[in-house]
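In: Sequence plus the predicted model coming up.
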Amino acid sequence: MTESRPRESREDRGPREGGRRYVSRPKFCQFCSDKNLVIDYKNVDMMTRFINETGKIRPRRQTGTCAKHQREIAKAVKNARHIALIPFEGDLWADSN
Amino acid sequence: MHQYELVFILQGDLDEATLETAVETVQTLITNAKGEIVKTERWGKRRMAYPIRKMNEGYYTFISFHHNPEEIVNLNRSLGYNEQVLRSIVVRVA
């Protein structure tokens, strides 16, 4: 009679406290699915997609990229920061206008 | 010989003629050390994401070239010595 005790399934429980906020993300790595798409530190529009509004590199769970390409992105973002294409901290042109 | 690309930022407050000679100095830096320049792209004057040496604008130039790996150290050093160059980055293309 081990199974008679009602068990709480994972879905019944409420959202776990302190868990990561859920953000919907693409199911596949965009660089794996499109081989023509190259990660380029010179491409400002691409680089801004991979940083958040504080200038941090967005995590894999948000961008949906695979581990291999996320490493490349991290490198590219750092290169782009060095030549002042994207900021080290804060929004791009947050202080202008 | 490997393929590299170089992006460097010149001071934004230079006039046309000085910019021209500054770009040429960097080009000769590569060609004098037996490097081959594939192409040069001038991105022109653009606002930098953060001020460098209290300047908000910089003149961006991109150079794609073939070079000996041993010479890259010298190239980086020379770029550092050049006061008109605010920032530079040399990346090896796979």
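Out: Received the coordinates, thanks.
In: For the chain, give me the ranges with low pLDDT.
Out: No chain was given, so I picked chain A. Chain A contains residues with pLDDT under 70 at A:1-26, A:93-97.
In: Switch to chain B, please.
Out: In the predicted model of chain B, residues B:94 satisfy pLDDT under 70.
In: starting at the chain centroid, how far to the longest strand seen in chain B?
Out: In chain B, taking DSSP state E as the definition, the longest strand is strand B:36-52. Put simply, strand B:36-52 sits 8 Å off its chain's centre (CA atoms, centre = their mean, to the nearest Å).
In: Show me what counts as buried in it.
Out: Buried residues in strand B:36-52, counted by 16 or more other CB atoms under 10 Å in any protein chain shown: B:37, B:48-50, B:52. C-betas here are computed from N, CA, C, even on glycine.
In: which one of those residues sits closest to residue A:27?
Out: Nearest to residue A:27 among the buried residues of strand B:36-52: residue B:49, at 31.8 Å, using CB to CB.
In: what about that closest one, distance to residue B:4?
Out: 24 Å (CB to CB, to the nearest Å).
In: How about residue A:72?
Out: To residue B:4, residue A:72 is 18 Å away according to CB to CB.
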